[in-house]
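Trainee: Sequence and predicted structure are below.
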Amino acid sequence: MRRLARLAARTPPDRERYLDLLRALAIILVVLGHWAIAAVEYDDNGRPDGHSALTTIPWAYPLTWAVQVMPVFFLVGGYANAASLAAHRRRGGDAIGWLLGRSARLLRPTSALVLVLAGGALVARLAGAQPDEVRPIVWFATIPLWFLAAYLAVLPLTPVMYALHRRLGLLVPLALTLLVAAGDLGRALGPAGLALPNYLLGWLAVHQVGFAWYDAHRGHCHPAGRPATEVSRTDDGHAAVDGDPAPNDTGPATGVRTRCLPMSRRAASLMLLGGLAVAALLTGPGPYPVSMINLPGQRLANAAPPSVALLAVATAQLGLILLLREPAHRWLRRSRPWQLVIGVNSVVLTVFLWHLSAAVLLVGALHGLGLLPTPQAGTAAWLAWRLPWVLMLAVVLAVLVAIFGPIEASTSRPRHLRSPTGRAGVRAVLTVAGFAAVGYALVVNATTAKTAPEPLGWPVPALVAYLAGAGTLRLLRAGWGSRG
């Protein structure tokens, strides 16, 4: 608590604390949503098996408009990435050094999950478990990694996309949204693979809006492409902070080429009502499903890949977020709430990564004791079981966070901010290759069948690629290739 109090006291007065709150709340909503919607039953072999209960409770489909918070992650990520990239460059760093620093925060806690699951699968195999028994557990525990795969695809593009934002402003997310709509049209009329680019384009669109929020916070609300006076200030060193510069008002600008997100209550209300209206039209008389979480058999599924209907819901979410910004800021000026937000953000990725592992451990323990309830999804018994189920999961997750949280909380920025002369190209190629290998590994794991007979739970090519990619990035962060 003393450390949190010190960090809270050192927070700059101009920091956009609301973004940290949004990140923490989004994680909590994801965790509670996954836990609450889980249904556990026994398969034909007498083994516990989990699945989503959403297909059996269609009355809950509209609720997914609130609990589908992946757009919030990318919105906050865009703001945080723009802020940290600017701060990194003011310290003399280059884009590759920045990418290596961001990879540390993402991959150190992720690597802990990967290694623990692979090690646990190996122990289970040595104890006599069959591959088809090991893979479902690893598959279920690694469901959260699909989000990380998408984020790792967006993150390396940040330097290029932020430069594009500075030239074209809000025209960029508008163009990306039109491309998402084109991808939706392609999968509606032809092969579903025509929408594959939407995995990148949809999340990039939301990420770009985060850039616009960052520029609005700085007060650089001139038309895109007009020169801006950068504002310098030192990084505050906060464990969960990405260094915001102080505001510098250079005058208002309007239109889609502005670099700044409209922040007025009128603009926020238009986003909320307009986003809801478009989403309602697309999912009512339109062809898109109401649920913003993918369900089996949906041709125009909204979340994977992102659809234009999901972007409409994201617009409504952004409007609501902006309407609540001022009261949230006043609340976060108090020391205790802000300390709580700091504490959650210091282990936020750990919470996200391990929350389904907590479910695996709890189900295994209850099954071993012969105490595992398996009420049918959607029944009164299933609903009554939600509260004790979530409370027990919270206890298990708290233990996991206590064990693995320090890995994330202790992550520091790399020492080498800029590539040595003559080696920048090699360092850039290795960094991109490391990101590509990790992203490939996560995609292969996510697309490999839950019942595949994988001896270590992970597809072997995915595990090898992950270790090679994460290991390369770790060596680069430590200065490998930076010394003569």
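Mentor: Received the coordinates, thanks. Given the structure is predicted, the values throughout are model-derived calculations rather than measurements.
Trainee: how near is Lys450 to Glu408?
Mentor: Using C-beta to C-beta, to the nearest Å, Lys450 is found at 28 Å from Glu408. Quick note: C-beta positions are derived from backbone N, CA and C, even for glycine.
Trainee: Those two: who's more crowded?
Mentor: Neighbour count, other C-beta atoms under 10 Å: between Lys450 and Glu408, Glu408 has more, with 25 against 13.
Trainee: which stretches of the stretch 251-400 of the chain form helices?
Mentor: 265-283, 308-323, 325-332, 335-346, 348-368, 380-409 (DSSP state H, counting those that start in this stretch).
Trainee: roughly how far is the last one from the heart of the chain?
Mentor: The reference is to helix 380-409. Distance of helix 380-409 from the chain centroid (C-alpha atoms, centre = their mean, to the nearest Å) equals 20 Å.
Trainee: Enumerate the positions of the helix or strand that that helix is followed by that are buried.
Mentor: Note on helix 380-409: by DSSP states H and E, the next helix or strand toward the C-terminus is helix 424-447. Residues of helix 424-447 classed as buried by neighbour count (16 or more other C-beta atoms under 10 Å): 427, 430-431, 434-435, 437-446.
Trainee: Kindly indicate which of those lies nearest Thr142.
Mentor: The nearest member of the buried residues of helix 424-447 to Thr142, counting by C-beta to C-beta, is Asn445 at 5.9 Å.
Trainee: was I right about that closest one contacting Pro144?
Mentor: No: contact criterion C-beta atoms under 8 Å: Asn445 and Pro144 do not qualify, at 11.4 Å.
Trainee: Am I right that His51 sits in a strand?
Mentor: Yes: counting by DSSP: H, G, I helix; E, B strand; the rest coil, His51 is located in a strand.
Trainee: Make residue 1 into 15 and carry on from there
Mentor: Happy to do that; since the first residue is 15 now, the last one works out to His65.
Trainee: got a list of what it touches?
Mentor: Counting by C-beta atoms under 8 Å, 6 or more residues apart in numbering, His65 makes contact with Ala52, Ala53, Glu55.
Trainee: Kindly state the beta-bridge partners for it.
Mentor: Ala53 (DSSP bridges).
Trainee: How much space separates it from Trp368?
Mentor: Using C-beta to C-beta, His65 is found at 20 Å from Trp368.
Trainee: Ok, Ala23 next?
Mentor: 30 Å.
Trainee: higher neighbour count, the two?
Mentor: A direct count of neighbours by other C-beta under 10 Å for Ala23 and Trp368 places Trp368 higher, at 28 against 10.
Trainee: my guess is the more buried one meets Val415, correct?
Mentor: Yes: with contact defined as C-beta under 8 Å, Trp368 and Val415 form a contacting pair (6.8 Å).
Trainee: Would you map the strands across the stretch 15-164 of the chain?
Mentor: Counting by DSSP state E, counting those that start in this stretch, one finds strands in the stretch 15-164 of the chain at the ranges 52-56, 62-66.
Trainee: Rounded mean pLDDT for the first one, please.
Mentor: This points to strand 52-56. For strand 52-56, mean pLDDT rounds to 91.
Trainee: try stretch 475-482
Mentor: For stretch 475-482, the mean pLDDT works out to 96.
Trainee: now Pro469: how far from Asp146?
Mentor: Counting by C-beta to C-beta, the gap from Pro469 to Asp146 is 10 Å.
Trainee: From Ala155, how far off is Leu407?
Mentor: For Leu407, the distance to Ala155 equals 13 Å [C-beta to C-beta].
Trainee: show me what contacts Val223?
Mentor: Contacts here follow C-beta under 8 Å, 6+ apart; on that basis Val223 touches Leu89, Gly92, Leu184, Pro187, Leu275, Leu332.
Trainee: Farthest-apart pair in the residues you listed, please.
Mentor: Across those, the longest distance by C-beta to C-beta is 13.7 Å; it joins Leu89 and Leu184.
Trainee: These two - which one has more neighbours?
Mentor: Neighbours were counted for Leu89 and for Leu184 using other C-beta under 10 Å; Leu89 has more, 28 against 21.
Trainee: what's the closest non-adjacent residue to the more buried one?
Mentor: Distances taken as C-beta to C-beta, 6 or more residues apart in numbering place Gly224 nearest to Leu89, at 4.8 Å, with adjacent residues excluded.
Trainee: now that neighbour, what's its secondary structure?
Mentor: The three-state label given to Gly224 by three-state DSSP is helix.
Trainee: isn't it right next to Val86, touching?
Mentor: No: contact between Gly224 and Val86 fails when scored by C-beta under 8 Å: they sit 10.0 Å apart.
Trainee: So between the two, which is more surrounded?
Mentor: Gly224 (28 against 23).
Trainee: so how far is Leu159 from the more buried one?
Mentor: Counting by C-beta to C-beta, the gap from Gly224 to Leu159 is 22 Å.
Trainee: What does the pLDDT read for the spatially closest residue to Val377 that is not a sequence neighbour?
Mentor: Once flanking residues are discounted, Val377 sits nearest to Pro62: 5.1 Å by C-beta to C-beta, 6+ apart. Per-residue confidence (pLDDT) for Pro62: 90.
Trainee: Can you tell me the closest non-neighbouring residue to the residue nearest the centre of the chain?
Mentor: Note on the chain: the residue nearest the mean C-alpha position is Phe87, at 4.7 Å, using C-alpha atoms, centre = their mean. Closest residue to Phe87 apart from its sequence neighbours, by C-beta to C-beta, 6+ apart: Ala40 at 5.7 Å.
Trainee: between the helix ranked longest in the chain and helix 394-423, how many degrees?
Mentor: Using DSSP state H, we find that the single longest helix of the chain is helix 109-140. With axes from the mean of the first three to the mean of the last three C-alpha atoms, to 10 degrees defining the directions, helix 109-140 sits at 130 degrees from helix 394-423.
Trainee: How far off centre is helix 109-140?
Mentor: Remark: helix 109-140 is offset 16 Å from the chain centroid, using C-alpha atoms, centre = their mean.
Trainee: Equivalent analysis for stretch 480-487, please.
Mentor: Here stretch 480-487 is found 20 Å from its chain centre; the criterion is C-alpha atoms, centre = their mean.
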